[in-house]
Structures are given as structure tokens and as C-alpha cells.
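**Q** Could you work out the structure for the sequence below:
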Amino acid sequence: MAEFLFEIFCEEIPARMQVRAGQDLSKMLTDGLTKAGLSVDNVTTFAGPRRLVFAADIPLRSPDVSEERKGPKVGSPEQALAGFMRAAGLTDISQAEIRNDPKKGEIYVAVMESAGRDSAEIIAELIPSVMQNFPWPKSMKSGRSNFRWVRPLRSMICLLDGKVVDFEVGGIKTGNTTEGHRRLGKGPFDINDLSGYVKALEGEGHVVLSHEKRKQLIIDQARKACSDQGLELVEDEGLLAEVAGLAEWPVVILGDMDPRFLELPSEVIRLSMRTHQKYFAVRDPKTGKLAPNFIVVANQAAPDGGQEIAKGNSKVLSARLSDAVFFQSEDRKKNLIEYYDKLDTVVFHKKLGSIKDKAERVAALARELAPKVGADPDKAEQAAKLAKCDLVTQTVIEFTSLQGQIGRLMYEAEEGADPDIAAAIEDHYKPQGPNDSVPTNPVAVAVALADKLDTLVGFWAIDEKPTGSKDPFALRRAALGVVRIILENGVRLKLFDVIVFARCQIPGELTSKFSVGAEKLVAQRELEKETNALFDQKIKDEAISELGEWHDEGQKLDFHLFAFVLDRMAIDLKDKGSDRDCMMAVISRKSGGNLKDDLVAIVNRVTALQTFLDTKDGEDLLAGYKRAANILKAEAKKCDLPDGAPKRPSAAESAALYDALQTAGPQIETALAAEDYTAAMEHLAELRGPIDAFFTHVQVISDDTAVKENNLRLLGLIRDTARQIADFEAISG
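**A** Down below sits the predicted model:
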């Protein structure tokens, strides 16, 4: 094995791209070398502000390969022989061997020998291809070359067994020379192997090659600098990863800021430090409040210990925070509600009106939702109107990511502020991602649900649905937010009705398209018995074709949007380990006879069903159900199935099944009405023995027509009894 070392040296790579770029380079080179027949061991990867490095142990040459290709029988037609020769690269059939095959007799076999290649030759072909097709999020051209890279290339090291592998990319030729830190150890450095490379750069070159090592150096130095002054670092993993990508030789400095700025909300101070200056905040461990200090990570060791660097950064931070003080003082000259009318000057969407239009719709919907989530309707309506007001304050215009937080702080400063409304103002944007928490305060729950449902209904109404991987308005995230808020708070509501109500609040120019209003909910609910599990496209198409004509376009919109929310819930449940088939079975139109839009009830039933099917009783009962369903399907193809209820048979096993079904049906119905799904499964499990005995001892398709028809009615009763819980035909296995 020989050591292969490759370094790409260029101008500064954006910090957010470095780690992924190192992973991509490693994967692309490893895959390419492996495909060429080379084994790849002891892989090492470095990613930093100005370089990507890959090193590994590989053979100096790929192995010779001998491959056999079996052909047609001896004596086969000319056409078959010609095809075999083309595939095997033969010019004459005499170049193939004749071997005896136990099954086919004498056949032709082509033995294809492929000589190995020098690894240097493979590398010289592979790397230019990898670099030409490198998956940078953004790239650029430089100089006269058409080659694109994230930033202009400066040099490349490519060594195999200590020797340079010659090739060129973007006008840059490979060599064995690199540079270190711009100020502390530029070099150049001649490199012969990986150990010498690491020693030169991390020594005289003043470059810490490993991203993880830079992170650890920064956090250790920052904690110590704070601890030495009796302070505590406010740790921030995202910022730590970013600054580790900004400094090749990180040196931590503790700086001071003017204490008067501590009068600002801590959120403003931290955001200004983090976003604009890349500083870490510092707090007093005794009070838990921010201290008038900050941590800055320099890219050099200054002769004065960093005093001038600290002073310079302090001045920059003071200028930034001075702006924040001005914005805060201007914003607080008014109460939060006084900004409400100004929301009319900000467009939410050209087809859906202004932010104020949206706030009006959300307020109406939040008031409607409030009793369903245990919130006060007046508070929910007021919170919904206040929730967006901070968007037009100078502070949020400057610090956009603080929307909601600034509104809460401004409202809390007012006399008589209600804590429920304050919580709703800040939390109504949640959850903003899969790892974000959901609001739990009832008023916040009402406003958060209303805000997301209004967004979904509005964009559905103007036909701006997600397509493929494109979702510019984050509608999938909004739908998942609705699902999580409902499930994690145990909110019991008819979501379909809420969607209809929300749709009725959309702008006037769109309402003419949809004639159904809230007063026609009853008619719309009648459609439910015809609907299906729409998160599955095949079933969605089937359901839509069965429904035929919609009462109007509004109903079609509501139906498809509810299907979209179910789709998000199905994906969420699958990610958490639930079986997709179980959800399909529970919400199928064949299960319970209507569309279930209580998400909590759906999940509870799915959980109980999955638990039941994991048992021996569940497994056997599913097999019995499918046997009954298959017989019914087969007989239905021959002729119409007999109508009516079965009579009590005379045969012992048939009579026992009949009695068990007569008992289980009402018991399951009662348990489902009480949402005792575990009890419903237990009653269903009691059918296992009678069903097994029936199929074991009874000839279902009897020669006696009357007996046969009664048996088919019994099978239909098995199917209908089980469907009270779920459509077991939707479950594979």
C-alpha cells in the first residue's frame, strides 16, 4: 500500500460549506478509487477556511481482472452468436472456449482479461472529474478558465508514494508545495507525505487542520477566559461551528462592552453579537444575566495579547448596539397595538392581501378555535391581532429573526399586560422546524394553529401548492406544525370543519370562486362517508373518481388540503416508528364508514392497532380476515354476493362463529364510542378462535347453495366487524 495525499488550496471557503465539502470530497474520491478496483484504507479528511485535504492508503496499481461471460449453446443461430461476441468483445467465435454445462450441454464461454492500471494514472483521471462535478451550493469562475470552484484556486498538492501525480485543473497544475497562515507562517512548505504535511502546517505554518480540533480549542479557550474573570460563557453550538470555519489559527479574546447596553433585551444583544459580529455572549453566573463582555475569536496571536483587537471589536459592537438602543426607544413610544394599521402597508402575498388582512383572518379563526383548545376567545382574538405588529417596528426590521420576541417584550412593558397573550405573541410562529418545541399555552396554541391553517388555506386557494422538492412558502412545514401542535397538546377538534371555516375567511376576490360558506358545513360533512386516505396518491385518485362532481370548488379545496395534512401526519408517524399500513387501515373509507378528522383519535387508534398486530392473536386474526376477504372477492367475480344478514347455522363451528360475531360487534362499537381502542382490540381478538375453527372444520363453498350463501354472509360479517376498527385489507402481510 502507498500513501495518497491530495490538498486543494484556494481563497476563503464559506464557513457553512466546509464540513460538507470535506465529506463530499472524501466520498467522491473513495467511490471513484473503489470503482477503479483500488482498495482504500486509513482515510483522513481535513476541511478548513482555505483548504480541503484527503489522504488514504491505496495500492500502487489496480489488480488484473479476469472475467468469464457465459454464452449460447454450441450450434445456436448466427444471430445469438453475433450478439454474444459483441457483448464479450470477440471478433470470432473461435476465441471463446467450449465448456460443458450440466443443464445446457456444451456452451461458449468468453474469458476476458483486463490488465490492471497504475494508480497514478487512475488518480490523474479521477480528480479533474471530481472537481469539475463538485456539488458546491454556489461556485464561481476565475481568470480565463471556465472551471468553477467555490473560490479561486491557488494550488494543489497530489502525491502518491511521495511522488507528484501530474495533472491540471482550472489552469492550476499539481505540485508538492503549499502555504500556511497568511501572517504567522505563510511558507511555502515542500511536502513529501501526510505526517510531514501535518507537522509543517500545524507547526511553523500555524494552521489547525481539523475542524473538530479548532472547535475544541475555541471552546476550551473561551471557557477559561471567562472562568478567569469569574464569568460564564453562553455556549452556542451553531456559532462555534461557524467561527471554527473562519479562523485557521483560532485565538480567543475576552472583550468589554459599555454596561449601558445591558438595558437592551438580552435577545437583541445576543443576536447582534452572533449575527453581525460572530461574538459569543458572556453572563454573570451569580445572576444568570448577561455581563458587559463578549468573546471574540481572532485568526492570529497578537503581540499585545489581543488588547487592541478587543478594543476595536468593542467599538464596532458599541456602534451596532447604539443603533439597537435608538430603535428600541423609538419603537416603545407606541403601544404594540398602535402598529396594527401599519401592517396594511406590508404585502403578505399579492393575491392574499397585506399582513393586516392575514391578521384579521387569523384573529377570526383563533376566536373560533379558542373554545376547542381551552383558551379564552377574547384573548385569542387580541393575541392574533398583536402577534404580527412587531414586524413593522424598527427593531424587527433590523433584527428580523427576533420577530415575536420583540412583540412579546414590547407588550409586556405595557400596563396590564396579560401573560397568556404575551406567550401567544412570541410562540405563535412555533414550531419552526422538526426540532423546535410546540406552544403549550392554550391562547398560544389557538393563535399558532390559526396562523398556520390560514397560510395553508390561503396558498391552496391561489393554487400555490408544493410541487416535488419545491416548497417556497414552507407549506409542508406549516402542515407538520399543525399536526404536531394538535397531537402534542392532545387537541380534540374536527380539523376538516376548521379548514372550511378558515377557507371562508380568504380575501373577497377569491371567495366568489367558492360558493360554499360556513352555514353549509352539514352538507359538506355528508361527503365524509365517501372520502378516503388521501396521503396515498393511488387511493386519492380512486376517492376523487368515486366522488364524481363536487358540490363546488370550495369543497374540492378543503378535501385536498385535509389530505395534505394527513400526508404530513403519516410521514411524521412513520419517522417515529409507526407502521404506514396501520394508518392507511385506520383512515380508509372502508374503516368506520366516514372520514376521520380528529387527529388525536387517528393516532390513538393507529397505536392500538399496531400493538395488537404485533401479538400472536393479531397476526392470526389478520390472516383469518384476509382469507375471508379473499374468498369474498373471488366469489364476487363469479356472481353477486348474497344480501342480508347471516342466519345462525346448525354446524357447531359455524354457530360458534355466528355467536361470537353477534357478541363482538356491539362490544367493539361501544368501545370505539368510548375511544377505548385497547378494549376494542381485545373484543376483536376474541374472534380468533372461532374464525380458526370455522376455516379448519367448515367447507365454506359448500355444495349446498343455501349453506354456501350463509357462509358467505358470515364471512361478510367478519369483514364488517373488523372494519369497525380498521380496513385490514390495507395491511400487508
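**Q** quick one, phi psi at A291?
**A** Main-chain torsions, A291, degrees, to the nearest 10: phi -100, psi 160.
**Q** and it, what is it in contact with?
**A** Residues near A291 by Cβ atoms under 8 Å, 6 or more residues apart in numbering: L231, V282, R283, D284. Bear in mind the C-beta positions are built from the backbone N, C-alpha and C, glycine included.
**Q** Distance check, L621 against Q662.
**A** Going from L621 to Q662 by Cβ to Cβ, to the nearest Å gives 17 Å.
**Q** got the domain boundaries for the chain?
**A** For the chain, automatic domain parsing gives the domain ranges 2-61+118-202, 66-114, 211-331, 341-606, 615-730.
**Q** How far does the third one sit from its chain's centre?
**A** Think domain 211-331. The chain centre lies 32 Å from the centre of domain 211-331; the measure is Cα atoms, centre = their mean, to the nearest Å.
**Q** again, but for the shortest one
**A** Domain 66-114 has its average C-alpha position 51 Å from the chain's average C-alpha position, going by Cα atoms, centre = their mean.
**Q** neighbour count winner among L621 and Q662?
**A** Neighbours were counted for L621 and for Q662 using other Cβ atoms under 10 Å; L621 has more, 25 against 14.
**Q** Now do the same contact list for the residue nearest to the more buried one when sequence neighbours are not counted.
**A** Sequence neighbours aside, R688 is the residue nearest to L621 in space, at 4.8 Å (criterion: Cβ to Cβ, 6 or more residues apart in numbering). Residues in contact with R688 (Cβ under 8 Å, 6+ apart) are D617, D620, L621, G624.
**Q** Make sure the last one is indeed in a helix.
**A** Yep, that's G624 we're talking about. Yes: counting by DSSP: H, G, I helix; E, B strand; the rest coil, G624 is part of a helix.
**Q** tell me, how many neighbours does the closest residue to it other than its chain neighbours end up with?
**A** Counting by Cβ to Cβ, 6+ apart, G624 lies nearest to I691, which is 4.0 Å off, once chain neighbours are set aside. Using other Cβ under 10 Å, I691 has 25 other residues around it.
**Q** so after the helix or strand hosting I691, what's the next helix or strand?
**A** Under the criterion of DSSP states H and E, I691 resides in helix 688-697. With elements assigned by DSSP H and E, the helix or strand that comes after helix 688-697 is helix 705-723.
**Q** wait, isn't E398 in contact with D323?
**A** Yes: counting by Cβ atoms under 8 Å, D323 is a contact partner of E398 at 6.8 Å.
**Q** is the residue lying closest to V74 once chain neighbours are set aside in a bridge, and if so with what?
**A** Nearest-residue entry for V74: E106, 4.3 Å, with adjacent residues in sequence omitted and distances by Cβ to Cβ, 6+ apart. Beta-bridge pairing for E106 (DSSP bridges): N100.
**Q** Kindly provide the distance from E263 to R627.
**A** 76 Å.
**Q** Comparing the two, which residue is more hemmed in?
**A** Taking other Cβ under 10 Å, E263 and R627 do not tie; R627 has more neighbours (16 against 9).
**Q** can you pull the contacts of the more buried one?
**A** Contacts of R627 by Cβ under 8 Å, 6+ apart are F695.
**Q** wait, is it part of a strand?
**A** No: R627 sits outside any strand when classified using three-state DSSP, being helix.
**Q** how far away is it from G689?
**A** Separation of R627 from G689 (Cβ to Cβ): 15 Å.
**Q** swap in A55?
**A** Here A55 is placed at a distance of 66 Å from G689 (Cβ to Cβ).
**Q** which of these two has more neighbours?
**A** Neighbours around A55 and G689, counted as other Cβ under 10 Å, are more numerous at A55. The numbers are 21 against 15.
**Q** okay, that one: pLDDT?
**A** Here the pLDDT value assigned to A55 is 97.
**Q** do E530 as well
**A** 37.
**Q** do Y108 as well
**A** In this model, Y108 is scored at 91, pLDDT.
**Q** tell me the strands in the stretch 201-350 of the chain, going along the chain?
**A** With DSSP state E, counting those that start in this stretch applied, the stretch 201-350 of the chain shows strands at 232-233, 251-256, 280-283, 290-298, 347-349, listed in chain order.
**Q** how about TSV for the ones you listed, with mean pLDDT added?
**A** Output for these, formatted as TSV (pLDDT from 0 to 100):
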stretch	mean pLDDT
strand 232-233	95
strand 251-256	93
strand 280-283	94
strand 290-298	93
strand 347-349	92
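**Q** Nearest to Q307, out of these?
**A** Q307 lies closest to strand 251-256 among the strands of the stretch 201-350 of the chain, at 8.4 Å (Cβ to Cβ).
**Q** how about the closest one: buried residues?
**A** V251, V252, I253, L254, G255 (16 or more other Cβ atoms under 10 Å).
**Q** and of the residues you listed, the nearest to S469?
**A** V252 (40.5 Å).
**Q** Could I get the contacting residues of the closest one?
**A** Applying Cβ under 8 Å, 6+ apart to V252 gives the contacts I218, Q221, A222, A225, I295, V296, V297, A298.
**Q** cool, and R154?
**A** F9, C10, E11, R50, I172, E179.
**Q** Alright, that wraps it up for me.
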